[in-house]
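> just to be clear, the model below is a prediction. Sequence and coordinates:
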Amino acid sequence: MAGFICGIYAATSGLDNPWSILPYLLSGALVTELILWHYKTNIKFLIASALIAGFFYSVGYGFLVNQNQTVPVSGAVFQASGRVAEVRAGLDSQRIFLSLQPPQNGRLEVLVGKFPELRYGDQVSVKGKITAIPNEKHSYALRHQLIGSLIFPEVLIENRGGGNPVKRKLEEAQQAVKNTLRKILPAEESSFVAGLLLGDTSGFSKNFRDSIRKAGVSHIVALSGYNITIIIQSVALLLLGIVPRRAVFALTILVALGFVIMTGADASIVRAAIMALVVGLASQTEKIYSARNAIALTGLVMLLINPYLLLGDIGFQLSFMALIGIFYLAPALRKIFHLGFNSGVWHWRENAVNTIAAQAAVFPILAMSFKTISLVSILANVIILPLIPLTMLLSAATLAVYVLNSALGQLLAELLKLVMRAEIKLIDFLSANAGAIQINALSEIATVFYFFALLAIVFYGQKKLTTYES
Amino acid sequence: MNHNSSRKKAWSLVLVFWGLAVWIFVKSGIFAPEPKTELFFLSVGQGDSELIVARNQSGQPVTILIDGGRNAAVMGELDRVLPQNHRLIDLMIMTHPKLDHFAGLIDVVRTLPVRAFLATGRKGEISAYDELRLALIDKKIPYIVIGEGDTVRYGASRLNIVSPSPTERRDKELNTTSIVFRFTDGNISAIYTGDAGINVETRLAKKYPLASDVLKVGHHGSKFSSATVFLKAVNPKAAIIEVGKNTYGHPTKAALERLEKNGAQIFRTDLDGTVKIIKSAQGLTATGL
């Protein structure tokens, strides 16, 4: 698995010319040989062949996806029509991905005004000056098959209601949920709930966005595995008494699938859904479920679907590194510091260790892409995490009750408002005292050393585990 | 032991429910003292949005929203200033169909109950205007056309519309078509000008008695508004400029100087945030929220 990922890394980081990376690959193989010298030859052979497989898979994938793509000249007037594949609505503008129609191939990233409001499936034509994707966003462009971007072009809606009907219906459902939320809650609270339930942060004010980032709790509104696990578990719990076990499993798959489509199939949510389903499948087939295997399998499946995720999607990197932190580093830390599970009020120790582990694992990525690290994040997570499932449940209940009886819903909404207010105040307070550290540059060598140090901790913890057992 | 703890649980449940009941009772606003008319000038960036919360004889609030800024930011401000027990807009006034005055109204129409929509009948030329029109139709909100000479009355409150005249309504320049009105409840008075320019202001200064406590400064403090003769006629104690980050140079030095010369205390939504003004026996009180 690790070999395969390395192969993909090698090929996709080579950008235009994957072969240019070959010398690095060879030296990498030498280093690996040195590290793994005491392992058996067949294991080494396995890793090496996985690496090669990953390399060729990515090269082949890139070739298939990019053929027929015409990369336009920057600054030229570009006219095209296509279907809206994704809409991210901001306060004053909308950012859309436009899937171009044959004979053109690929997608355009288009920034348009707030109005007319575009929806998934709209057939639109655009005309404007095209900008090529800058080199530093190359991976991002490959991951989304972008050939360029247009900023405030002329837009004409040709017809509406195209695209996948299931996805369109789900998007409409999402919109309906957001509209209802705005009716029963103040603007800030309703956008917070939309973030928690749907991962939709478009309604966030700049202040609030800054606050949650500074407090280090952005992940609670980022549709992490956390949210979908809570949703899937609630659905399962709700259905368990009513329908047979097998049907419950099938229904939760449907719900998870619908949710993934509705929320725009973000990397972290796909990962979460696959993992949740692997857990479900394991419990169905009565086999012991191993979180580590689930992580590896999920990563593999997602990279097979799109190898450019590895470098082109920061969400993918963050969610996987965080998971690796939680399932590899956290147990090691627990062993080293003799901490048990489920201890303390609100499982605070467990949350603290998990947060430290996850933060430690994602630290270099955050440092390189956001250039800030939150110091209060551990405290914030320990306090806020236990409140989130309750908040989500209360929000969902309020929505459901409101649909049935608006007066009763309003009453519940008052309670929800109180809870949300408290959480927002808490986040504001913590972010105001966050003491975020600015990091301007992190050298590659430092990063490599950092990860080796983490690896050392993991190995040390495992060694400790085995000595205990013997 | 077991019996005891279940009893404790039952008691704490009762307590929680009592607490909730009291809290909702308090929240309902029954205990609130009878407030005076409040004028809010909402901080919505570069754009205009104002809210009047007037009261009828029995102290019931009536809410008048004038314009909505350029985006949904107005919703956040309304959440802060609308009375707890009256989360709706009784009258929504669109001074003229320019984006920085009406785009925010789309979100308000979609989200809050709105009783009536008042405007000049002049259509907007940008696509956002269609969204507003569709939202009004969708929510079945009546569109009432108003212009110079019309009056809206509610209790002691009056809205005297002084502009646009029929010719101004047809003007090429959308700003000239702005609704200008004087609000008074017998105590506090204020003039709302939209984006009306010097020509309109001069005409009004000649034709109407305009003296008022408060002035919503025309066109975000543009130099083509706030004519000296108009400022003299209004003679406001407080002048509010609704302005945000912009490339037009609003508020301009020229307008600011004319206002200062007139002696009005100047408030700016980009510096003071949302401004709230009330009038008591001691005079005007302005607070930045």
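Everything's here; your move. Bear in mind that the values here come from a model prediction, so they are computed numbers and not experimental data. Residues are numbered from 1 along each chain as shown, chains lettered A, B, ... in the order given.
> quick one, strands of the stretch 151-289 of chain B?
Counting by DSSP state E, counting those that start in this stretch, the segments of the stretch 151-289 of chain B that form strands are B:151-154, B:157-163, B:180-184, B:189-192, B:214-216, B:238-241, B:265-268, B:275-280, B:283-288.
> ignore what I typed, I meant chain A.
Using DSSP state E, the strands of chain A run over A:77-89, A:93-100, A:107-113, A:123-131, A:146-151, A:154-159, A:372-373, A:437-438.
> and of those, who's closest to B:T167?
When these are ranked by distance to B:T167, counting by CB to CB, first place goes to strand A:107-113 at 32.0 Å. Every C-beta, even on glycine, is put in place using the N, C-alpha and C of the backbone.
> got the angle between the host helix or strand of B:D100 and strand A:107-113?
Using DSSP states H and E, B:D100 sits in helix B:99-111. Regarding helix B:99-111 and strand A:107-113, their directions subtend 100 degrees when assessed with axes from the mean of the first three to the mean of the last three CA atoms, to 10 degrees.
> mind listing what residue 74 touches?
By default, I'm working from chain A. Residues in contact with A:S74 (CB atoms under 8 Å, 6 or more residues apart in numbering or on different chains) are A:130-132, A:148.
> please go with chain B instead
With contacts taken as CB under 8 Å, 6+ apart, B:V74 has the following neighbours: B:42, B:44, B:49, B:68, B:104-105, B:107-108.
> which residues of chain B lie near chain A?
Proximity of chain B to chain A is confined to B:20, B:24, B:27, B:70-73, B:75-76, B:79-80, B:103, B:110-112, B:126-128, B:130-131 under the rule CB under 8 Å from any CB of the partner chain.
> list only buried entries from the residues you listed.
When neighbours are counted using 16 or more other CB atoms under 10 Å in any protein chain shown, the residues of chain B next to chain A contain these buried positions: B:70-73, B:75-76, B:79, B:103, B:110-112, B:128, B:131.
> thinking again about what came up before, now the contacts of A:S74 as a markdown table including neighbour count and distance to chain B?
Written out in a markdown table, the entries for the contacts of A:S74 read as follows (neighbours: other CB atoms under 10 Å in any protein chain shown; distance: CB to the nearest CB, whole Å):
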| residue | neighbour count | distance to chain B |
| --- | --- | --- |
| A:I130 | 23 | 22 |
| A:T131 | 16 | 22 |
| A:A132 | 17 | 27 |
| A:G148 | 22 | 24 |
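> lowest-confidence member of those, which is it?
Lowest pLDDT among the contacts of A:S74: A:A132, with 84.
> apart from its neighbours in sequence, what residue is nearest it?
Nearest-residue entry for A:A132: A:S74, 4.1 Å, with adjacent residues in sequence omitted and distances by CB to CB, 6 or more residues apart in numbering or on different chains.
> quickly note the distance from A:F316 to chain B.
Counting by CB to the nearest CB, to the nearest Å, the gap from A:F316 to chain B is 31 Å.
> what number of residues lie near that residue?
The number of residues packed near A:F316 is 23, by other CB atoms under 10 Å in any protein chain shown.
> so, low pLDDT: which residues of chain B?
Within chain B, the segments meeting pLDDT under 70 span B:1-3, B:25-34.
> and the longest helix for it?
Ranked by number of residues, the top helix in chain B under DSSP state H is helix B:2-27.
> and that helix, what does it pack onto?
In this structure, helix B:2-27 packs against helix A:406-432, with contacts taken as 3 or more CB pairs under 8 Å, 6 or more residues apart in numbering or on different chains; DSSP states H and E.
> near chain B at all, the helix it packs on?
Yes - where contact is defined by CB under 8 Å from any CB, part of helix A:406-432 touches chain B, namely A:411, A:414-415.
> quick check on those: which are buried?
Among the residues of helix A:406-432 next to chain B, those classed as buried by neighbour count (16+ other CB under 10 Å) are A:411, A:414.
> and the residues of helix A:406-432 next to chain B, which is closest to chain B?
The shortest approach to chain B among these belongs to A:E414, at 6.2 Å (CB to the nearest CB).
> please report how far that closest one lies from B:Q84.
Counting by CB to CB, to the nearest Å, the separation of A:E414 from B:Q84 is 10 Å.
> and for B:I126?
To B:Q84, B:I126 is 35 Å away according to CB to CB.
> got it, and B:V275?
21 Å.
> could you do B:A281 as well?
26 Å.
> ok, those two, which is more surrounded?
Summary of the neighbour comparison: B:A281 and B:Q84, criterion other CB under 10 Å, with B:Q84 having more neighbours (11 against 5).
> the more buried one and B:P113, how far apart?
15 Å.
> how about A:V382?
Counting by CB to CB, the separation of A:V382 from B:P113 is 42 Å.
> can you pull out the helices in chain B?
Under the criterion DSSP H, chain B contains helices at B:2-27, B:73-81, B:99-111, B:127-138, B:166-169, B:198-207, B:228-234, B:253-262, B:269-272.
> tabulate the ones you listed in a markdown table, adding columns for distance to A:K463.
Formatted as a markdown table, those follow (distance: least, CB to CB, whole Å):
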| stretch | distance to A:K463 |
| --- | --- |
| helix B:2-27 | 46 |
| helix B:73-81 | 54 |
| helix B:99-111 | 59 |
| helix B:127-138 | 64 |
| helix B:166-169 | 84 |
| helix B:198-207 | 83 |
| helix B:228-234 | 82 |
| helix B:253-262 | 73 |
| helix B:269-272 | 61 |
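> highest mean neighbour count out of those?
Between the helices of chain B, helix B:99-111 has the highest mean count of neighbours, a mean of 24, where neighbours are mean count of other CB atoms under 10 Å in any protein chain shown.
> picking up where we left off before, same list (the strands of the stretch 151-289 of chain B) but as TSV, adding mean neighbour count.
Conversion of these to TSV gives the following (neighbours: other CB atoms under 10 Å in any protein chain shown):
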stretch	mean neighbour count
strand B:151-154	13
strand B:157-163	21
strand B:180-184	23
strand B:189-192	26
strand B:214-216	25
strand B:238-241	26
strand B:265-268	19
strand B:275-280	19
strand B:283-288	13
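> how about the contacts made by the closest residue to A:D428 other than its chain neighbours?
Here the nearest residue to A:D428 in space, its sequence neighbours aside, is A:S211; by CB to CB, 6+ apart that works out to 5.3 Å. With contacts defined as CB under 8 Å, 6+ apart, the neighbours of A:S211 are A:427-428, A:431.
> next, count neighbours for the closest residue in space to B:G218 that isn't next to it in sequence.
Closest residue to B:G218 apart from its sequence neighbours, by CB to CB, 6+ apart: B:S225 at 3.3 Å. For B:S225, the tally of surrounding residues (other CB under 10 Å) stands at 27.
> how near is B:R110 to B:E125?
Relative to B:E125, B:R110 is positioned 22 Å away (criterion: CB to CB).
> measure A:T263 to A:A256 for me?
Relative to A:A256, A:T263 is positioned 11 Å away (criterion: CB to CB).
> confidence score at A:F45?
Reading off the model, A:F45 has pLDDT 69.
> and A:F451, by the same measure?
The pLDDT attached to A:F451 in the predicted structure is 81.
> so what's the residue count around the residue lying closest to it once chain neighbours are set aside?
In this structure, A:F451 finds its nearest non-sequential neighbour in A:P364, 7.4 Å apart by CB to CB, 6+ apart. For A:P364, the tally of surrounding residues (other CB under 10 Å) stands at 20.
> same question for A:L303.
Count around A:L303 with other CB under 10 Å applied: 24.
> go ahead and confirm it touches A:L310.
Yes - at 6.1 Å, A:L303 and A:L310 qualify as touching, with contact defined as CB atoms under 8 Å.
> and the residue of the stretch 101-250 of chain B nearest chain A?
B:A128 (3.6 Å).
> show me the contacts for that residue.
For B:A128, the residues meeting the contact criterion (CB under 8 Å, 6+ apart) are A:113-116, B:99, B:102-103, B:106.
> just to revisit the earlier point, and the residue nearest to A:F451, how far from A:K167?
Here the distance between A:P364 and A:K167 works out to 35 Å (CB to CB).
> brilliant, that's me finished.
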